[in-house]
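**Student:** predicted model follows, preceded by the sequence.
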Amino acid sequence: MTASRMNKLLTVILLSLLLSCAKDSDPALDKANFTRIYDNNKFNGSYFPIDVKQTPDGGFLILAERRLVNSSFNGTYLLKVDEFGAFVSELEVPSNQVAPIGPLLEANNKYYFFSMEPGNFQTQLSEVEPTGTVSNTTLVGGSYPSAAYKDNTDGSFVLLRYDNTTKESVVTVMSPTGSVSKSMGFTIGAGDGVEEKFISHFLRTGRQFPFQVGKTASGQYFFNGFYNYNFSLVFSSLATSNPTGIAFGQQDQGGFSCVFPLEGNNFAAARFNFGDNYLLPSATINSTGISQIVDLAGNNLLELSSNATVKVINLPLNTKSILLFASNTRSKQISLFGYDRTTGKLVGSKYLGFSNTYEIASLTSTSDGGLAVCGTTYVAGRFPRICLFKLSKEELAKSFK
């Protein structure tokens, strides 16, 4: 057989295979399960995802940080993808909005996030359309935004920030328009030791602390952050600077990685202690007294990276309610651990990622009963890029029985 005839035969075979694959493609299946890595043509570009939300069109909106060449802080980046995970648009938010925090807060059919002005460190609240464009930005004041929360009981936003003038962790309640209704500060302790940790966190030159703010089932506010030299879980009515309850950490070496309020004083949580990690699908935390986080037990997972990032959500799955923990393993994968919310028993695990390093950023349940997991991956081992995994409810049911 001549070389020309051989080439024609190979072309026919290749076309047949492509046509066969196209014919066999199932759009429903393509939407239910996919893995995407969003590369960028900027050679030195670095992108660190913060949160992902599913938009009304079935696609996803991703909030991320982007490396700036003219600032010590990271800038803001928004990525919009469709229901198949395909790229739709991106927005490099102007460099006067740095150090964005999550999660994306939903209100009035819009999405909101807090960021900071790089010159005076003042907090800004930005309104984002489901298409991924910023429609409005409001200066709300106060320095160093650290964590945010949407209160579904009244629609207000709750912000945790660091006040570098008073040396306080400050919790502020405001409307989606930025109108403040209450605010209270809590001392981090005298001296510069704790402040240095704050600054290195915001500059991404040091450890990234799992700051969090929220509200318990009984209506108490709480924040996970620095109080009186320790990284602690602090409860308050915001009527006075004296907390109603404190679960103390061990300076910056022990504390909660995340907390998820359940019923009463019960929480799903994860804690770190000198590099070790413990998952607690059900933990009783006294919100009106003093306790020590180190006294809590938990499942010690040696496979997780040191002081690992941990995220937890409630995942409805068929007739069960699953507490789903996501974290990072020493083998550079994203791990998912499911616990039955009623019994607290482990019902399964799953690992995401291959070849490259993968790190968790956020996860959210989807309108089709599935799960979206957003993270960072490192292309060629050194270029931080956004990745997105979509898992169907059928796939989840196989892993978490």
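**Tutor:** Nice, I can see it. None of these values were measured; they are calculated from a predicted model.
**Student:** from here on, just use CA atoms for contacts and neighbour counts.
**Tutor:** Noted.
**Student:** chain neighbours aside, what residue packs nearest to Pro145?
**Tutor:** Excluding the flanking residues, the one nearest Pro145 by CA to CA, 6 or more residues apart in numbering is Arg161, at 4.1 Å.
**Student:** tell me the contacts of the one you found?
**Tutor:** Gly142, Ser143, Tyr144, Pro145, Ser146, Ala147, Ser169, Val170, Val171 (CA atoms under 8 Å, 6 or more residues apart in numbering).
**Student:** got a list of what the first one touches?
**Tutor:** The reference is to Gly142. Phe121, Gln122, Thr123, Arg161, Tyr162, Asp163.
**Student:** give me the pLDDT for Phe209.
**Tutor:** For Phe209, the pLDDT comes out at 96.
**Student:** hang on, it in a helix?
**Tutor:** No. If the criterion is DSSP: H, G, I helix; E, B strand; the rest coil, then Phe209 is coil and not within a helix.
**Student:** give me the spatial nearest neighbour of it, chain neighbours excluded.
**Tutor:** His201 (6.8 Å).
**Student:** that neighbour and Ala32, how far apart?
**Tutor:** Using CA to CA, to the nearest Å, His201 is found at 36 Å from Ala32.
**Student:** these two - which one has more neighbours?
**Tutor:** Ala32 (22 against 16; other CA atoms under 10 Å).
**Student:** so what's the backbone phi/psi at that one?
**Tutor:** phi -80, psi -30 (degrees, to the nearest 10).
**Student:** ranges for the helices of the stretch 1-150 of the chain?
**Tutor:** 3-24, 27-32 (DSSP state H, counting those that start in this stretch).
**Student:** could you tell me the least trusted of the ones you listed?
**Tutor:** helix 3-24 (a mean of 43).
**Student:** before we move on, what SS does Val294 have?
**Tutor:** helix.
**Student:** who's in contact with it?
**Tutor:** By CA under 8 Å, 6+ apart, the neighbours of Val294 are Gly249, Gln250, Gly254, Gly255, Asn273.
**Student:** ok, 10 Å please
**Tutor:** When contacts are counted by CA atoms under 10 Å, 6 or more residues apart in numbering, Val294 touches Ala247, Phe248, Gly249, Gln250, Gly254, Gly255, Phe256, Arg271, Phe272, Asn273.
**Student:** and what of Ala361?
**Tutor:** Here Ala361 is in contact with 48-52, 64, 102, 309-311, 326-328, 334, 373-376, 386-388 (criterion: CA under 10 Å, 6+ apart).
**Student:** and if you look at Asp252?
**Tutor:** Per CA under 10 Å, 6+ apart, neighbours of Asp252: 194, 197, 207, 209, 225-226, 229-232, 272-274.
**Student:** state the distance from it to Lys311.
**Tutor:** Asp252 is 19 Å from Lys311, by CA to CA.
**Student:** just to revisit the earlier point, go through the contacts of Val294 and name the one nearest Thr76.
**Tutor:** Phe256 (26.8 Å; CA to CA).
**Student:** which residue, other than its chain neighbours, is closest to the closest one?
**Tutor:** Arg271 (4.1 Å).
**Student:** then Gln54?
**Tutor:** Nearest to Gln54 is Phe60, by CA to CA, 6+ apart, at 4.4 Å.
**Student:** for Glu92, same thing?
**Tutor:** Tyr77 is the one closest to Glu92 (CA to CA, 6+ apart), at 4.8 Å.
**Student:** please apply the same query to Asn96.
**Tutor:** Closest to Asn96 by CA to CA, 6+ apart is Glu117, at 5.5 Å.
**Student:** for that neighbour, phi and psi?
**Tutor:** Torsion angles, degrees, to the nearest 10, at Glu117: phi -80, psi 130.
**Student:** okay, now it: neighbour count?
**Tutor:** 19.
**Student:** isn't it right up against Thr137?
**Tutor:** No. Glu117 is beyond contact range of Thr137, at 11.3 Å (criterion: CA atoms under 10 Å).
**Student:** overlap in contacts, these two.
**Tutor:** In contact with both Glu117 and Thr137: Gln97, Gln124, using CA under 10 Å, 6+ apart.
**Student:** I'd like the average pLDDT over stretch 86-103.
**Tutor:** For stretch 86-103, the mean confidence score works out to 96.
**Student:** which SS class is Pro176?
**Tutor:** Per three-state DSSP, Pro176 ends up coil.
**Student:** from the contacts of Val294, pick the one nearest Arg341.
**Tutor:** Using CA to CA, the contacts of Val294 come closest to Arg341 at Arg271, 18.2 Å.
**Student:** OK, contacts around that closest one?
**Tutor:** Arg271 neighbours (CA under 10 Å, 6+ apart): 249, 254-259, 277-280, 293-294, 296-300, 307-310.
**Student:** Ser156: what's it in contact with?
**Tutor:** 105, 107, 149-150, 173-181.
**Student:** circling back: wasn't the residue nearest to Phe209 part of a helix?
**Tutor:** Yes. Counting by three-state DSSP, His201 is found in a helix.
**Student:** so it touches Gln208, yeah?
**Tutor:** Yes. Under the criterion of CA under 10 Å, His201 makes contact with Gln208 at 5.2 Å.
**Student:** adding distance to Val347 and pLDDT, write the contacts of Gly142 out as CSV.
**Tutor:** Output for the contacts of Gly142, formatted as CSV (distance: CA to CA, whole Å; pLDDT from 0 to 100):
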residue, distance to Val347, pLDDT
Phe121, 45, 94
Gln122, 45, 96
Thr123, 42, 97
Arg161, 37, 97
Tyr162, 39, 96
Asp163, 43, 94
